[in-house]
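J.: kindly generate the corresponding structure for this input.
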Amino acid sequence: MDAREFILIRKFIVKLGKMLHRYGTPAFRLEAYLTEVATYLGVRSAFVSTPTSLTFVLWSDRHEEEYNSTARLLPGDLDLNALSLTDELAIKLLDGQLTLGEADRQLDAIDVMQSPYSKHITLAAFGLATGAFGMLMGASFNEVVWTGLLGLVVYLWTLWAGRSKRVNLMLEPATAFTSGLLACVISRYFDPGINIPLIVLSSLIILVPGLAITMGLAELSSRNMVSGTARVMDALMQLFKLYFGAFLGISLGFFLLGENQYEPSASLPYWATWLAVLLLSIALLAIFRTRPKHMLWAIAAAFVSYGTTVGTSLFMEQSMATFAGAFALGVFANLSTRLANQPATIVSMHGLIVLVPGSKTYIGLNTFISGKNFVQAQHIGQEVFLIFMSLVGGLIFANVVMPTKKTL
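T.: Alright, predicted model coming up:
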């Protein structure tokens, strides 16, 4: 291998790695995928991925050429559209349908590609997702409506954060503070007696890092110690910032407007929870930027995971039911890689979102600090830990029973 060819290969691999990192790919999947591509291109490689950095070590068979690089990166956000397009491009390259130069140019095009969903659709998706989660949490009809409206405010903050580094640094506490203060205003002037903490939690659910904690634990279980530990700690810090912002906003609202006297209202009927799962899965299509051809797979994944969990909870404890739901989701996601030739991540992320106990982690933090429960929950700390472990265990067993066809 001459020096010019080696330079082209390592530039492509570095660019591919940085893009996949930006799209929120877990460390163990990213490292395995880059190793697979590097092997095909004829170079030896080693990679170390963490939420904030990516290290590349590349060398030719006889060490005529060597390359070492460490890139400082920001934690990635899920972009399933770009992830899917990048995977398809890599498949074409490995199948010989594209030259390395053509693949490199197409990577550049994917890198600057905008979301397939407009800002108005994404705004509506935030409102729909937060309202649907309120339904899952047993909120009344009025509380669901207020939650959805606050979800629109949350999206405006995230939109502003994408344009301002200063706002991005304070996104979690600022958004939570705004939601808490607005919930107090709603209670004072429009709808007295609402469950303010529940409304605030539901409006922030897209920012609650339950999925990040699950990914971090999955990385730890795959012996990616540095990445897993960093991801879990980053998620916990996000959780603390959200809780602090909400606590500050509600406290200020009570000080200025008077304390809210919660008056329990009738929750929506049981069938509304299934409607909520449908609405939440539809909203996540835009939030996760899912491609149209993957929509049915994504919605089906949510029902597979949730339906299995609900069905098995009739004769099992909640943690075991969550294990069954994660196992069913893992099998379904890995099966989708064989039938649709798509990354398992696309399906599994949509199904995991209805299982991860991010909201219960927030509730547990509130109970620990304030000593009060704003929803009926006992032994919340132990329950959260067991559910997280059950999720990771279910996905691991699913990979044994139905191995994935694709690395991503």
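
J.: could you point out which element follows the helix or strand bottoming out on mean pLDDT in the chain?
T.: Every helix and strand in the chain was compared by mean pLDDT, DSSP states H and E; the lowest is helix 358-370, with a mean of 52. Remark: after helix 358-370, the chain's next helix or strand is helix 380-401, criterion DSSP states H and E.

J.: buried ones in that following helix?
T.: 380, 383-384, 386-388, 390-395, 398-399 (16 or more other C-beta atoms under 10 Å). C-beta coordinates here come from the backbone N, C-alpha and C atoms, glycine included.

J.: what do you get for stretch 125-143?
T.: 125-137, 139-140, 143.

J.: closest one to Ile9 out of those residues, please.
T.: Taking C-beta to C-beta as the measure, Ala125 is the one of the buried residues of stretch 125-143 closest to Ile9, at 39.3 Å.

J.: for the stretch 201-350 of the chain, which segments count as helices?
T.: 210-221, 225-257, 271-287, 295-312, 318-340, 344-352 (DSSP state H, counting those that start in this stretch).

J.: hmm, back to that, of the buried residues of stretch 125-143, which belong to helices?
T.: 125-136, 143 (DSSP state H).

J.: save these as TSV, and put in distance to Ser84 and pLDDT too.
T.: Formatted as TSV, those follow (distance: C-beta to C-beta, whole Å; pLDDT from 0 to 100):
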residue	distance to Ser84	pLDDT
Ala125	18	95
Phe126	22	95
Gly127	26	95
Leu128	23	95
Ala129	21	93
Thr130	26	93
Gly131	28	92
Ala132	24	91
Phe133	25	89
Gly134	30	88
Met135	29	88
Leu136	27	84
Glu143	36	90
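
J.: gap between the residue most central in space within the chain and Phe288?
T.: Centroid check for the chain by C-alpha atoms, centre = their mean gives Leu211 as the closest residue, at 4.6 Å. Distance of Leu211 to Phe288, computed by C-beta to C-beta, to the nearest Å: 10 Å.

J.: list phi and psi for the residue nearest to Gln238 when sequence neighbours are not counted.
T.: Counting by C-beta to C-beta, 6 or more residues apart in numbering, Gln238 lies nearest to Pro209, which is 4.6 Å off, once chain neighbours are set aside. Note on Pro209: backbone dihedrals following degrees, to the nearest 10 are phi -90, psi 40.

J.: also Leu54?
T.: According to degrees, to the nearest 10, Leu54 has phi -150, psi 120.

J.: can you name the residues that contact it?
T.: 17-18, 21, 30, 47-48, 70-71, 73 (C-beta atoms under 8 Å, 6 or more residues apart in numbering).

J.: now do it against Met19, distance only.
T.: 11 Å.

J.: where does the stretch 1-150 of the chain dip in pLDDT?
T.: Counting by pLDDT under 70, the low-confidence segments of the stretch 1-150 of the chain come to 1, 63.

J.: before I go, just wanted to say thanks for your time.
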